[in-house]
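[1] here is a sequence together with a model predicted from it:
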Amino acid sequence: MDKKVHELLNAQINKELYSAYLYLEFSNRFKADGLDGFANWYMIQAQEERDHAMLFYTYLQNEDMPVTLEAVAKPEVDAPEHMDILKAGLNHEKYVTSLINDIYAAAYEVRDFRTMQFLDWFVKEQGEEETNANDLISKMKLFGSDPRSLYLLNQELAARIYSAPSLVL
Ligand code: FEO
């Protein structure tokens, strides 16, 4: 495997674990404020991010490439209001999309078609992640300021259940 592609794939393990950590902190914030449904939604999001990390980890191992695990940074959440947390989530997903695109571009440059095929799942997944984050912001805009509506939205988010990723390596 090309050195740069390998480095980027390895770094992505850490980025996905950081994403899990960040969403765990979001969950923590909502839980502290009594919004259990939002807390559940981000808890499941954190589980999904851990799954993403494991996919990069397993892909490198399957390719017989070394995996180096680095320290996961403290999640920094500069978001005083609930809406700020949701917006931070969307911004983070856009950032992750840019990282996936960077790996894809590096793989494309060296004609690493297998890595490109592996990344195809993530390209699609990032589209869904951004849509989900956007939807959450739209719903909060519509319903967040009315306590009864916020209660119902919280209930809707409480119903989210975890499902394992559709990509199996
Ligand atoms: Fe692993 Fe939310 O992207």
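    Nice, I can see it.
[2] which positions in the chain make contact with the ligand?
    With the criterion set to C-beta under 6 Å from any ligand atom, the chain comes near the ligand through 16, 19, 49, 52, 93, 96, 129. Just so you know, the C-beta spots here come from the backbone N, C-alpha and C atoms, and that holds for glycine as well.
[3] my read is that Glu63 contacts Met1, right?
    Yes. Assessed by C-beta atoms under 8 Å, Glu63 is found in contact with Met1 at 6.0 Å.
[4] before we move on, the earlier item: and of the residues of the chain next to the ligand, the nearest to Phe122?
    Nearest to Phe122 out of the residues of the chain next to the ligand is His52 (C-beta to C-beta; 7.4 Å).
[5] who touches the closest one in this structure?
    16, 19, 122, 125, 165 (C-beta atoms under 8 Å, 6 or more residues apart in numbering).
[6] export those residues to CSV and tack on neighbour count, pLDDT and secondary structure?
    Listed next are the contacts of His52 as CSV, based on neighbours: other C-beta atoms under 10 Å; pLDDT from 0 to 100; DSSP: H, G, I helix; E, B strand; the rest coil:
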residue, neighbour count, pLDDT, secondary structure
Glu16, 24, 98, helix
Ser19, 25, 98, helix
Phe122, 24, 98, helix
Glu125, 21, 97, helix
Pro165, 14, 95, coil
